[in-house]
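# Sequence and computational prediction follow.
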Amino acid sequence: MFKILVSDPLAQEGVDMLKRIKEFEVDVKHKLPPEELKKIIKEYDALLVRSETKVTKEIIESADKLKLIGRAGVGLDNVDLSSASKRGIIVMNTPGGNTMSTAEHTMSLLLSLSRNIPQADASVKKGEWERKKFMGTELYAKTLGIIGLGRIGTEVTKRAISFGMKVIAYDPFLSLDKAKELGIESVELKDIIKRSDYITVHTPLTDETKHIIDKDAIKDMKQGVRIINCARGGILDELAVLEGINSGKIAGAAFDVYEKEPPVKDSPLFKCDKVVLTPHLGASTEEAQINVAVEIAESARDALLGCGIRNAVNVPCVDVELYKILQPYLNLGEKIGSLASQLSKGRTLDIQIKYSGDVAKYNSSPITVAIMKGVLSPVLQETVNYVNSVIVAKERGIKIEESKATMLEE
């Protein structure tokens with residue numbers, strides 16, 4: 001029997017799915033104080049959260065049985081990923097559950113900016129009738145620059161094209177074939193900055209993407225550009241965008257996410273009538289909430305019942321069908337690693353893994369993880385597993401090298 005704790009509100013469809021499985025005992029306890037969660041987490045095999053629960057290092061270190069943490073959403077800002085990985089706890093999210101809702105919200109903000117809809121609505125409700133004041137602009141034939149062409153960026157692309165927009169995109173992993181398939185132009189970041197009438201960002205927040213749009217970028221933009229952020233707060237330099245609006249360079253901006261959430265009460269964003277603001281609503285649709293709840297429930301179910309790992313951020317993800325193919329190699333890899341470890345003499349500084357034949361056609365990461373578990377287990381025993389084996393090896397200065405050859409060598 002596996003015990004699962006749901007500590008944040010999840011759509012009932014996901015909770016009910018887990019409760020129907022006889023191997024699971026599901027407890028739903030919302031708004032637990034950190035000390036209370038730290039106290040009871042010892043009992044549970046899985047913890048499912050959204051964004052309210054902060055899964056800190058202290059909570060993770062108190063979890064004696066915890067095998068996985070699942071977040072019904074994309075970001076993992078509220079989970080200490082490093083601590084979980086070191087403890088061998090699988091951390092999962094739901095990268096696809098809110099794709100459509102966020103893409104649609106992006107288009108909603110884009111249209112709101114173009115036609116001054118929030119400002120016009122507020123004006124009419126005041127009893128005013130100022131049609132000339134809210135003169136808008138069409139999307140048709142305008143250039144939309146998209147920074148980041150993952151799932152959401154791709155769906156925004158499709159919708160923008162249906163409005164007759166020309167779409168250019170910057171993504172370091174976007175192939176020319178994929179761009180051609182979508183009917184867009186793959187360009188460099190500097191081209192997005194210089195050529196776009198509208199710019200929308202759809203990337204994670206990293207050291208590379210933080211303030212990717214700043215004062216210098218804004219200087220090179222078209223006069224009258226409009227900017228949208230439905231991705232992560234901090235990708236845009238909010239103060240630089242405001243300065244751009246005040247100078248007349250930027251015609252308007254829309255934010256669904258912020259560098260600090262919620263924004264401080266005296267935020268200068270609130271005072272600018274050319275800025276459209278929403279309170280992080282990208283995933284706030286009934287459909288998206290059901291999707292992420294069901295998706296995380298399915299992922300947790302499969303992982304706990306040994307039917308494959310998917311949507312894990314700290315362990316190679318293997319779907320059920322691929323798991324069936326790789327399972328014999330995983331078992332063999334662990335045994336070979338264990339044998340090599342016991343036969344070797346002296347310090348292990350370098351592990352060279354060569355894949356030959358049919359196995360080289362598949363993603364070898366799970367097998368490498370299994371091999372490293374075998375290498376380390378004779379010494380570390382229960383402290384190493386399929387989640388943390390590569391991390392533990394690297395922490396110990398062990399270099400792992402992989403190579404592949406699809407033809408068997410004589």
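Nice, I can see it. Since the structure is predicted, the reported quantities are computational estimates derived from the model, not experimental observations.

# check contacts around the most centrally placed residue in the chain.
Of all residues in the chain, the one closest to the mean position by C-alpha atoms, centre = their mean is V74, 4.0 Å from it. Shown in contact with V74 (C-beta atoms under 8 Å, 6 or more residues apart in numbering): 93-95, 97-98, 283. (Each C-beta comes from the backbone N, C-alpha and C, glycine too.)

# 6 Å - rerun?
By C-beta atoms under 6 Å, 6 or more residues apart in numbering, V74 lies in contact with 93, 95.

# And V225, by the same measure?
V225 is in contact with I250, counting by C-beta under 6 Å, 6+ apart.

# Which SSE is immediately downstream of the worst-scoring helix or strand of the chain on mean pLDDT?
Among the helical and strand segments of the chain, the one scoring lowest on mean pLDDT, DSSP states H and E is helix 389-395, with a mean of 82. Under the assignment DSSP states H and E, the closest C-terminal helix or strand after helix 389-395 is strand 399-405.

# For that next one, buried residues please.
By 16 or more other C-beta atoms under 10 Å, the buried positions in strand 399-405 come out as I400.

# so what strands line up beside that strand?
Note on strand 399-405: by DSSP bridges, its sheet partners are strand 350-356 (parallel).

# just to revisit the earlier point, doesn't the residue nearest to the centre of the chain fall inside a strand?
No: using DSSP: H, G, I helix; E, B strand; the rest coil, the secondary structure at V74 is coil, not a strand.

# What does the pLDDT read for it?
pLDDT, V74: 81.

# Could you report the distance from it to N93?
Counting by C-beta to C-beta, to the nearest Å, the gap from V74 to N93 is 6 Å.

# cool, and Q327?
In this view, Q327 and N93 are 25 Å apart by C-beta to C-beta.

# Could you do A84 as well?
Distance, A84 to N93, by C-beta to C-beta: 12 Å.

# Neighbour count: those two, which is higher?
Applying other C-beta atoms under 10 Å to A84 and N93 shows that A84 carries more neighbours, namely 26 against 22.

# Please give the element, helix or strand, for the more buried one.
Assigned by DSSP H and E, A84 belongs to helix 81-86.

# Summarise which helices and strands that helix is packed against.
Secondary-structure packing of helix 81-86 (3 or more C-beta pairs under 6 Å, 6 or more residues apart in numbering; DSSP states H and E): helix 57-61.

# same for the helix it packs on, what does it pack against?
Looks like helix 57-61 contacts helix 81-86 (3+ C-beta pairs under 6 Å, 6+ apart).

# Toward the C-terminus, what is the element adjacent to the helix it packs on?
Going down the chain from helix 81-86, the next helix or strand is strand 90-92, by DSSP H and E.

# got the contact list for that following strand?
Under C-beta under 6 Å, 6+ apart, the answer for strand 90-92 is 68-70, 79, 81, 84, 299, 311-315, 387.

# how does this protein divide into domains?
The chain resolves into domains spanning 2-97+287-304, 99-277, 320-405 when parsed by automatic domain parsing.

# Can you say which of these is packed in most?
Most buried of the domains of the chain, by mean neighbour count (mean count of other C-beta atoms under 10 Å): domain 2-97+287-304, with a mean of 19.

# for that domain, the distance to its chain's centre please.
Its chain's C-alpha centre and that of domain 2-97+287-304 lie 16 Å apart, by C-alpha atoms, centre = their mean, to the nearest Å.
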